[in-house]
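Asker: Sequence and predicted model, in that order:
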Amino acid sequence: MLLKRITFVVNPNSANGATGRQWPKIRLRAKDRLGSFKTFVTNGPGDATRITRQAVLSGVDIVVCVGGDGTLNEVINGLMNENGSLESEILLGPDRPGKTYVPGS
């Protein structure tokens, strides 16, 4: 099995701060399922784009976005190359436990 390099981009302020409060539980569940990964936490506007672009340039295979629609928008912008193509896979992670759109949660 080929191991993939995974980076989580987490916006702790999404969902009125629920993401930040729940991140430790989410991280443990993700670690149980995915193994090791890097985590970067955003501090303000533009951070998710910058973090994602740096991750892509360093060769990450998968970026997991944990946040709201603004965070997702920034992550997608960070994944796009000048031709408008995605340079890495993206997963939308839950911003709190119990989200129904994430398989296996």
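Answerer: Nice, I can see it. Numbering: from 1, shown residues only.
Asker: which regions of the protein sit below the pLDDT cut-off?
Answerer: Along the chain, the model assigns pLDDT under 70 to residues 1-2, 87, 94-105.
Asker: buried residues in the lengthiest helix in it?
Answerer: Counting by DSSP state H, the longest helix found in the chain is helix 18-34. Neighbour counts over helix 18-34 (16 or more other C-beta atoms under 10 Å) mark Thr19, Gly20, Gln22, Trp23, Ile26, Arg27, Ala30 as buried. For every residue, glycine as well, the C-beta is placed using N, CA and C.
Asker: Let me see the ranges of the strands in the protein.
Answerer: 6-10, 38-41, 62-66, 89-92 (DSSP state E).
Asker: Turn those strands into JSON lines, columns for mean neighbour count.
Answerer: As requested, these are exported to JSON lines (neighbours: other C-beta atoms under 10 Å):
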{"stretch": "strand 6-10", "mean neighbour count": "24"}
{"stretch": "strand 38-41", "mean neighbour count": "16"}
{"stretch": "strand 62-66", "mean neighbour count": "24"}
{"stretch": "strand 89-92", "mean neighbour count": "15"}
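Asker: Tabulate those (TSV), appending distance to Val75.
Answerer: Listed next are these as TSV, based on distance: least, C-beta to C-beta, whole Å:
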stretch	distance to Val75
strand 6-10	6
strand 38-41	11
strand 62-66	4
strand 89-92	6
